[in-house]
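Trainee: would you be able to build a 3D model of this:
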Amino acid sequence: MVTHRDRGLRHLKNPSTSRKSIKSSVLSVALYVILLFTLSIFVFILYSKDILDDEHAMPLLRVEKSESKQQLEVQLWETPSSYSLHPCIEPTNKYKVVLGWDRYITVRSNGGLNQMRTGIADMVAVAHIMNATLVIPQLDKRSFWQDTSTFSDVFDEPHFIKHLQQDVRIVKELPKELESLPRARKHFTSWSGVGYYEEMKQLWKDYRVIHVAKSDSRLANNDLPLDIQRLRCRALYHALRFSPSIENLAKKLVGRLRSRAERYIVLHLRYEKDMLSFTGCTYGLSDAESEELRVMREKTNHWKIKNINPIEQRIGGLCPLTPKEVGIFLQALRYPPSTLIYIAAGEIYGGDRHLSELTSRFPNVVSKEMLATEEELKTFSHHATQSAALDYIISLESDLFVPSHSGNMAIAVEGHRRFLGHRKTITPDRQRLVELFDKLEAGTLNMSSFSRLVRQLHRNRSGAPRRRHGAPSGIKGRARLRLEEPFYQNPFPECICKSSE
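Mentor: The predicted model follows:
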């Protein structure tokens, strides 16, 4: 028979059971306290949320917005990485200096400002190849603008002569004793190589002067000796400096832009009468405006193509973007409405009626006429070439350059910005954009999706380093030379090198 005393003794004889019981009780209490404490904190936060005033709540929101805004700012304005690339235009050890004392090349540069600039750079190289003295080129006075500017009105002539003195001899005028002599008048074949100009040296047997009627596209884009390519870059980017009057006013205007905003976009808006007429693009125009452009094209003798289908032109991406399309494009890229935009262009066709389709979205739009005084611009009145030079410099110094069409200025500015460190340049993919614009207009694509697609489409179109494109595949013969990417649009790799080179 087991007594109470026996059970008590048995219990005392098993101390481990007692300790387990005590430990279990302590653990239960601890868990209860932790749970109670956690619940108290939750309740405190829940009730405190309702009594937090704006002074405490808003800084948290501002921090989040500030971080998001900072990330967007980087995406919008950051210059593409140049991967340690830098300009390299010095001649190689194999380069030979030539002086050509008794042979002369005279040139009539054709086209607008940038067509003449690249043409002059080409002729510097041609004079070097042919061992000739280059006479300061005559600028085109018969183009659409009827500009009477001389070389020294637009360029720093003494600097041009001096800077290239180790490359080619340059004189201001043809010697008097040679003016009455017969000249070989040549239309040098477009996109020609060194071999072609070596053959042209045969002309020196019969002539001391060769007159070149056109200067544009006289040299090939590719397959030229490295020293010739670098000479072209020295001529264009260093020697062809603008005249002091142009440089000084341009710097003032850039300063005034910087005083208005930390950053600015230059929009090369080629929505001008001559461009629209030449391309036959009438989208967004009235019937009367379309007819006016057709008549202009018909009456311009040197424009060979008269009948142009405007719908096919637009679908093919051959039309400049309209002011409205540019506005939508910049919106899609997420540039804010307050962005300062400088219009680098001549008179916009249709004036404010068409321009308002851009300014309604981006009201902070300016031009040189708005930045400069009448007195400052007086010298440049009726001189489209000099006026375009102001736009060129302002474009070069901008935080972002956006051309609405791939014309001569767009090509020249893009190449120069690449040469100076791959400054950000967004070149719209007009052919793909037309499809998206039409879907947006038809309501089959909303603005959010449109914006996302536009950003994806232009992710690799911001001026980052890349090698110059060749002709499209399948193109043979001389046609491929015309379709290669222009040397002056992307002088990489000849004039842009790695640090080790």
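Trainee: when you work out contacts or count neighbours from here on, use the C-alpha atoms and nothing else.
Mentor: OK.
Trainee: please tell me how far the residue sitting nearest the centre point of the chain sits from Trp101.
Mentor: Nearest to the geometric centre of the chain sits Thr425, at 3.0 Å (Cα atoms, centre = their mean). Relative to Trp101, Thr425 is positioned 43 Å away (Cα to Cα, to the nearest Å).
Trainee: my guess is the residue nearest to the centre of the chain meets Ser398, correct?
Mentor: No - assessed by Cα atoms under 8 Å, Thr425 is found out of contact with Ser398, at 9.5 Å.
Trainee: domains of the protein?
Mentor: The chain breaks down into these domains under automatic domain parsing: 104-239, 245-497.
Trainee: starting at the chain centroid, how far to the first one?
Mentor: Its chain's average C-alpha position is 27 Å from that of domain 104-239, according to Cα atoms, centre = their mean, to the nearest Å.
Trainee: gap between the two ends of that domain?
Mentor: Start-to-end, domain 104-239 (Cα to Cα) is 20 Å.
Trainee: same thing with stretch 146-163?
Mentor: 30 Å.
Trainee: what sits up against it?
Mentor: The contact list for stretch 146-163 (Cα atoms under 8 Å, 6 or more residues apart in numbering) reads 136-141, 169-171, 235, 238-244, 246, 382-386, 389.
Trainee: let me know the secondary structure of the closest residue to Asn446 other than its chain neighbours.
Mentor: Once flanking residues are discounted, Asn446 sits nearest to Leu440: 6.2 Å by Cα to Cα, 6 or more residues apart in numbering. Three-state call for Leu440 (DSSP: H, G, I helix; E, B strand; the rest coil): helix.
Trainee: surely Leu440 and Met447 touch.
Mentor: Yes - counting by Cα under 8 Å, Leu440 touches Met447, with 7.0 Å between them.
Trainee: who wins for proximity to Leu85 among the domains of the chain?
Mentor: Closest to Leu85 of the domains of the chain, according to Cα to Cα: domain 245-497, at 5.2 Å.
Trainee: to the chain's geometric centre, what's the distance from the closest one?
Mentor: The answer for domain 245-497 is 9 Å, by Cα atoms, centre = their mean.
Trainee: still on that earlier bit, buried among the contacts of stretch 146-163? Need that as a selection in ChimeraX.
Mentor: Restricted to buried positions by 16 or more other Cα atoms under 10 Å, the ChimeraX selection for these reads:
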select :136,137,138,139,140,141,169,170,235,239,240,241,242,243,246,383,384,385,386,389
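Trainee: among the domains of the chain, which is nearest Thr79?
Mentor: Closest among the domains of the chain, using Cα to Cα: domain 245-497, at 5.1 Å.
Trainee: average pLDDT for that closest one?
Mentor: In this model, domain 245-497 has a mean pLDDT of 96.
Trainee: ok, the residue nearest to the centre of the chain - contacts?
Mentor: 400-402, 414, 417, 461-463 are the contacts of Thr425 under Cα under 8 Å, 6+ apart.
Trainee: switch to 6 Å and redo it
Mentor: 400-401, 462-463 (Cα atoms under 6 Å, 6 or more residues apart in numbering).
Trainee: do the same with Leu400
Mentor: Contacts of Leu400 (Cα under 6 Å, 6+ apart): 265, 424-425.
Trainee: now, which of the residues you listed lie within strands?
Mentor: Ile265 (DSSP state E).
Trainee: name the nearest of the contacts of Leu400 relative to Val212.
Mentor: Once Cα to Cα is applied, the member of the contacts of Leu400 that ends up nearest Val212 is Thr425, at 34.1 Å.
Trainee: contacting residues for Pro320?
Mentor: 404-405.
Trainee: try 10 Å this time
Mentor: The contact partners of Pro320, by Cα atoms under 10 Å, 6 or more residues apart in numbering, come to 269-272, 275-276, 279, 281, 283, 313-314, 326, 403-407, 428, 430.
Trainee: ditto for Val209
Mentor: Contacts of Val209 (Cα under 10 Å, 6+ apart): 102-106, 132-133, 174, 178-179, 181-185, 203.
Trainee: go again with 7 Å.
Mentor: Val209 makes contacts with 103-105, 183-184, as judged by Cα atoms under 7 Å, 6 or more residues apart in numbering.
Trainee: count of residues packed around Thr322?
Mentor: By other Cα atoms under 10 Å, 23 other residues sit near Thr322.
Trainee: let me fix that: Gln229
Mentor: Applying other Cα under 10 Å, I find that Gln229 has 25 neighbouring residues.
Trainee: identify the residues contacting it.
Mentor: Glu494.
Trainee: against Lys273, how distant is it?
Mentor: 35 Å.
Trainee: top of the contacts of Thr425 by neighbour count?
Mentor: Among the contacts of Thr425, Phe401 has the most neighbours (other Cα under 10 Å), with 29 neighbours.
Trainee: what about that residue, which SS state?
Mentor: strand.
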